[in-house]
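1. Need coordinates for the following:
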Amino acid sequence: MRDHRRGFTLIELLVVISIIALLIGILLPALGAARTTARKMQNSVNLRSIHQACVIFGQDNKSYYPGLHSDGTPYTSAELVAENITPGGHTGIMIVPRYAFLVKGELITSEFMVSPADSDRTAAVPGDNIKNSNNSYAALDLRILGSSTADCRSAWRDDMNTKTPIYSDRNTAVLPGLDAASSVWSPEPGTWQGGLVWNDNHAEILGEPIVSTQIGNAPDRDPDFLFDNAAASIYGETHGSHARMIKLYDNVTFGNFGGGLNP
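-> Below is the predicted model of the structure:
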């Protein structure tokens with residue numbers, strides 16, 4: 001008995017291929033958006049986990065976070081070297097020792113210090129000295145508060161202040177000013193976006209580096225620019241050096257942004 005089954009014609013194959021290509025074209029953007037959303041959620045998990053590690057550290061340090069002694073004074077360079085936290089040249093107000101305390105104290109793994117969107121940062125290798133290149137996140141600047149001589153050390157502790165920013169995605173822009181701000185999520189100048197965790201451990205994803213803050217006993221700043229820019233213009237108003245976070249670029253933490261070396 002003759003088999004009358006036949007295969008696809010060329011036209012039918014082309015139609016099927018066209019339908020598959022169309023479906024891929026429709027689904028790929030949705031899959032890309034879902035992937036970005038998942039990465040941003042992981043980023044928020046990282047930030048909240050880092051803050052939680054700071055809180056745990058503070059439980060044995062009279063509520064002060066890493067980098068400060070239990071009386072609120074910063075670790076000296078010699079003290080950090082003696083405790084094998086960092087090489088010489090750092091002090092407790094710098095960003096590297098602050099997260100080195102967390103990693104070396106096994107309060108958090110080094111993977112949490114790297115943003116899922118940050119291709120310029122890699123997790124620290126166990127046993128190696130921790131560097132700026134092992135960290136994606138900016139932290140509350142402990143040296144400056146507004147244009148005054150006050151600092152933020154009084155806020156670098158577990159006080160559950162809902163308006164104190166603690167860690168955020170870093171600003172990757174080189175030039176000062178709001179228009180130059182950019183991040184690992186939005187590399188184009190003027191399009192900064194990223195995650196931020198506050199001192200009550202709530203995290204959010206921001207579309208711009210502008211928030212309402214309240215640091216220590218200082219009055220509310222609304223609006224406030226997350227990063228230190230000498231002449232950042234916010235909604236037409238020029239603000240001075242009122243940084244809340246440390247600004248990182250490449251492997252360098254600029255000294256006027258809360259400092260740190262790049263060992």
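2. which residue ranges form the strands in the stretch 101-250 of the chain?
-> 137-139, 165-169, 194-198, 203-206, 210-213, 221-225, 232-234, 237-239, 248-249 (DSSP state E, counting those that start in this stretch).
3. got a list of contacts for the first one?
-> Strand 137-139 is contacted from outside by 46-47, 50, 95, 98-99, 113, 115, 166-171, 226-227, 245-248, 258, using CB atoms under 8 Å, 6 or more residues apart in numbering. Where you see a C-beta, it was placed from the backbone N, CA and C, and this is true even at glycine.
4. where does the stretch 1-150 of the chain have low pLDDT?
-> Along the stretch 1-150 of the chain, the model assigns pLDDT under 70 to residues 1-8, 27, 30-33, 143-150.
5. 50 - rerun?
-> Within the stretch 1-150 of the chain, the stretches with pLDDT under 50 are 146-149.
6. what's the following helix or strand after the helix or strand containing Ile26?
-> Counting by DSSP states H and E, the element that carries Ile26 is helix 10-59. Where DSSP H and E defines the elements, the next helix or strand beyond helix 10-59 is helix 77-82.
7. for that next one, the distance to its chain's centre please.
-> Relative to the chain's own centre, helix 77-82 is displaced by 26 Å; criterion: CA atoms, centre = their mean, to the nearest Å.
8. Check which residues of it are buried.
-> For helix 77-82, burial by neighbour count (16 or more other CB atoms under 10 Å) applies to Ser77, Leu80.
9. How about stretch 158-166?
-> Neighbour-count burial for stretch 158-166 [16+ other CB under 10 Å]: Asp158, Asn161, Lys163, Thr164, Pro165, Ile166.
10. Hmm, Ile85 is touching Arg98, no?
-> No - using CB atoms under 8 Å, Ile85 makes no contact with Arg98, being 9.5 Å away.
11. List the residues that contact Ser186.
-> Trp192, Gln193, Gly194.
12. Let me have those in a markdown table, adding distance to Val211 as columns.
-> Shown next, in a markdown table, are the contacts of Ser186 (distance: CB to CB, whole Å):
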| residue | distance to Val211 |
| --- | --- |
| Trp192 | 12 |
| Gln193 | 13 |
| Gly194 | 12 |
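13. Give the buried subset of those residues as a ChimeraX selection command.
-> Entered in ChimeraX, the line below selects the buried ones among the contacts of Ser186, by 16+ other CB under 10 Å:
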select :192,193,194
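14. List just the nearest of the contacts of Ser186 to Leu23.
-> When the contacts of Ser186 are ranked by distance to Leu23 (CB to CB), Gln193 comes first, at 30.4 Å.
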